[in-house]
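# Using only what follows, build the 3D model:
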Amino acid sequence: MSEKREPGFDRAVAMVLRTGAFAAFFVMLAGVVTRIFVDGPISTRIELAGVLIMLVTPVVRVFVAMVLFIREKDWRYGWISAGVLLILLLGTMFGIGEH
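Just a heads-up that it's a prediction; the model follows:
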């Protein structure tokens, strides 16, 4: 385990978050513009796609971090990231926290 991470690690994680946020914004914006010009349920579906992109972005970030930790042979944080990913996926699949 290295005390100092390579700069590419932080850049890769930041790129995932930035890309997800911009993609979600532009897809939601496309849904709003579509709603203005086209009447129908397609605009709602486009907006929903933007929301789903926004929800998936943190999961992808954890997955990328896990892969990068394992690639650096930082097993402790790799396993921690895998556990967080498992919790996120189980919570999504089974609706843990829903009433």
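# Break down this structure into its helices, ranges please.
Remark: helices assigned in the chain by DSSP state H are 7-37, 42-71, 75-94.
# surely Val62 meets Ser81?
Yes. Taking contacts as Cβ atoms under 8 Å, Val62 lies within contact range of Ser81: 5.7 Å. To be clear about C-beta, it is placed using only N, CA and C from the backbone, and glycine gets the same treatment.
# Point out where the chain drops to low pLDDT.
By pLDDT under 70, the low-scoring segments of the chain are 1-5, 96-99.
# can I get the helices of the chain in TSV with mean neighbour count?
As requested, the helices of the chain are exported to TSV (neighbours: other Cβ atoms under 10 Å):
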stretch	mean neighbour count
helix 7-37	14
helix 42-71	16
helix 75-94	13
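# Apart from its chain neighbours, what residue comes closest to the most centrally placed residue in the chain?
When Cα atoms, centre = their mean is applied to the chain, the residue found nearest the centroid is Thr57 (1.3 Å). In space, and not counting its chain neighbours, Thr57 is closest to Gly20: 2.9 Å by Cβ to Cβ, 6 or more residues apart in numbering.
# show me the contacts for the one you found.
Ile53, Met54, Val56, Thr57, Val60, Arg61 (Cβ atoms under 8 Å, 6 or more residues apart in numbering).
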